[in-house]
Every structure is written in C-alpha cells, then in structure tokens.
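Peer 1: Sharing a sequence plus its predicted fold:
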Amino acid sequence: MKFKKIAALAATVVLSVGIFAGCGSQQTSSSNKKKVIGFAQVGAESGWRTAETTSIKEIPKLDSNFELKFSDGQQKQENQIKAIRSFIAEKVNVIALDPVVETGWDTVLREAKNAKIPVVIVDRNVKVSDQSLITAFLGSDMEEEGKRAAKIIIDKFGKDAKLNIAELQGTVGSTAMIGRQKGFNETIKNCPNYKIIKSQTGDFTRAKGKEVMEAFLKSDGNNINVLWSHNDDMAIGAVQAIEEYGKKPGKDIFIVSVDGTKDMFKLMADGKSNGIVECNPLLGPQLLDTSKQILSGKLKDKIVHTKEGAFTQEQAKKELPNRKY
Ligand code: GYE
C-alpha cells in the first residue's frame, strides 16, 4: 500500500516535471523548428504534373509550420533516388515520393526506414517486397480510371460494335500506365469485336503523343476508329497529328483520355475530343494532412484514394468554368 502511494506520488512528480519541461521547451528554438517535407517529383512532363507540383509547393502557405524541399527527377529514377538520399542526409521529417516507375525502390526506401524517416508515396505507386518501407499512400486508383475510359467507349458504341482502337501508353513501368492499361483491357474483354490495332508509348508528353500518332496514321490511318490515350497531353498532341493528316479529331476518330486538365476540357468543348476520365493532381492539402497525422502518431488510413469522375462532351462544356487545373 505504502509502496503504491510512493509510486503514485513519484509518477505525479515525473508527470509535472514532464509538463513543465514540455512548456519550457516550447520557448526554445528547437521545438519551434518547422517540419520539413522532402518531395521527390517525377518531372514536368505534362499539364497534370505541373498542377501537382504547384499544389504540393503550396503546403507552406497552407501551414506555416511546414517547409517543403522540392526535387525534379526529370523522368529519371536515378535522379529521384539521389534526391531521397539527400533528404535523408538533411534529416527531413517526411519524405514524399511520386515514383516514375513502380520497381527498384527497395534499397533506398530501406535507407529511409533505417534513418526513421516516414515515407509517403504520392500519385503513382511502388512495388516493394516489404510494405513496412511505406508509411502511407495517397493517389488515384489507376485501374479504375482505365475501366472508366473503356466504359465511355462502350456507352457510345455498344459492346457489339466493331472497333479498331489505337492506344497511346504512358511511361512504361509506371503505375499510371500499368493500371490504366489493365483496367481498360479487362473491361473490353466483354466486347468481342473491339481490337487494339496499335499500341505504343508516348511517355505522357504532347510531343511524343503527336509523333507516335503520326506513325499510327501513316501506317493505318483509315482503320482507326478510336484513340485511347493514357493522358491528356498525348491526346492533345495526337489531335494535332490527326488534323494535319486531314481527319477530324472527335468526329472521324473518337478520343478518350485521362487527367481532365483545362486544355483538354477546352478541346472537348470544341468537339475535338470525346471523353475525359478525371485524375486529380491537387494532392498538396492531402499530403499535408497525411504528414500531420504521421508526425502526431495518429495516421488514420494507410491508403487514401482520391475521389474522381468522368465527363462526356456535354458535361465537359458545363464543367469547364469550374476547372481548377
Ligand atoms: O496522368 C500524366 C502524368 O502519374 C497520374 O502522370 C500521373 C500521370 C498523369 O504525366 O499526365
């Protein structure tokens, strides 16, 4: 009994000293130090990417307790790995990685784990053998996006139509390319006469999208009924190629793409494209929120998928004035 009382007293003393020390230390500069997020970005290949960068760079404006270190990987994994290593050396509080491709991250993410720095994967995902290397993931469900793109085509033509489809793939090995292709292909399995007659990567850029579409048209111009593009920028490049070839994009060739950038909404409103599957790049607020949860030891969900929709031409016209990216 006596022992319990002493123990309780001791605990109270320890607790109040703790609180006191806590208050005191709030005045010192060390606990006032800003939390640093190091963000290893893919590059600047598309309108979507630029919108994501802008949104994430806004984190310090949303919360002045946070600072952001930004690195542009220029679409190269080796640059992103270097960036993560410098973030570790600089002892940032959170590492955010938007990985250009899915594989090849185990070693560097283990280094981050050993340094006790939480890693948030943003937008595209990674494939690692040990899930504990990742603290959280936030981004889109890319497979779902591919399914939605296929559904737009099925809604328009019906599942028994005879269609020749040209596919512009995103960066090979990226979640955005793998997931969208998988979701799309699985959905059109139920359409016996849908054929993908052309399929090549345009690396998610306008220039490459145009170049690859030119080659598609040159070899099979009169046979393509539908263009399925893994992102808006490649489709925008392809629209130019189609016009230069002397066909009407959106009429002679039905076009569907993923992202939902303002530029694509404008093309849709002009009737030059037909379907948009939305992929939201405005991930800054979500990354801030997730980082705060992690740093306070109260992470709610390890995986957060962004809510998104899809738009036909008519819906795009109405939505255009509200587009934020
Ligand atoms: O669709 C594309 C960008 O990873 C979701 O990457 C992103 C994709 C986006 O280059 O435009």
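Peer 2: That came through fine. Numbering: from 1, shown residues only.
Peer 1: Every contact and neighbour count from this point should use C-alpha atoms.
Peer 2: Fine.
Peer 1: tell me the average confidence for the helix or strand where A241 lies?
Peer 2: For A241, the element it lies in under DSSP states H and E is helix 232-245. The average pLDDT within helix 232-245 is 98.
Peer 1: Mind listing what's buried along it?
Peer 2: D232, D233, M234, A235, I236, G237, A238, V239, Q240, A241, I242 (16 or more other CA atoms under 10 Å).
Peer 1: contacting residues for the fourth one?
Peer 2: Right, the one you point to is A235. L168, R206, G209, K210, S229, I255, V256, S257 (CA atoms under 8 Å, 6 or more residues apart in numbering).
Peer 1: Am I right that the fifth one is in contact with D259?
Peer 2: Meaning S229. No: applying CA atoms under 8 Å, one finds S229 not in contact with D259, separated by 10.1 Å.
Peer 1: Quick one: the strands in the stretch 1-150 of the chain, in order.
Peer 2: All strands of the stretch 1-150 of the chain, identified by DSSP state E, counting those that start in this stretch, fall at 35-41, 66-72, 94-97, 119-122, 136-139.
Peer 1: sorry, back to before: higher neighbour count, S229 and D259?
Peer 2: S229 (31 against 25; other CA atoms under 10 Å).
Peer 1: Residues of this protein that sit close to the ligand?
Peer 2: For the chain, the contact set with the ligand under CA under 6 Å from any ligand atom comprises E45, S46, W48, R49, D123, R124, A176, F204, N231, D259.
Peer 1: got the contact list for the nearest residue to the fifth one once chain neighbours are set aside?
Peer 2: The spatially closest residue to D123, leaving aside those adjacent along the chain, is G139, at 4.1 Å (CA to CA, 6 or more residues apart in numbering). Listed by CA under 8 Å, 6+ apart, the contact set of G139 reads V122, D123, R124, L283, V304, H305, T306.
Peer 1: re earlier: quick check: of the residues of the chain next to the ligand, which lies closest to V108?
Peer 2: Ranked by distance to V108 (CA to CA), the residues of the chain next to the ligand are led by R124 at 16.9 Å.
Peer 1: The closest one - nearest residue in space that isn't next to it in sequence?
Peer 2: Per CA to CA, 6+ apart, closest to R124 is T175, 5.2 Å.
Peer 1: now V92
Peer 2: Per CA to CA, 6+ apart, closest to V92 is V36, 5.1 Å.
Peer 1: which stretches of this structure have low pLDDT?
Peer 2: For the chain, applying pLDDT under 70 flags the ranges 1-32.
Peer 1: make it 90
Peer 2: 1-32, 307, 309, 322 (pLDDT under 90).
Peer 1: got a list of what the residue nearest the centre of it touches?
Peer 2: The centroid of the chain falls nearest to D123 when counting by CA atoms, centre = their mean (2.6 Å). For D123, the contact set (CA under 8 Å, 6+ apart) comprises D98, F137, L138, G139, S140, P281.
Peer 1: ok now do V258, which residues does it touch?
Peer 2: Neighbouring residues of V258 by CA under 8 Å, 6+ apart: E145, A149, S229, H230, N231, D232, I276, V277, E278, C279.
Peer 1: Now, of these, which are buried?
Peer 2: Using 16+ other CA under 10 Å, the buried members of those are E145, A149, S229, H230, N231, D232, I276, V277, E278, C279.
Peer 1: how much space between the second one and G47?
Peer 2: So that's A149. Relative to G47, A149 is positioned 19 Å away (criterion: CA to CA, to the nearest Å).
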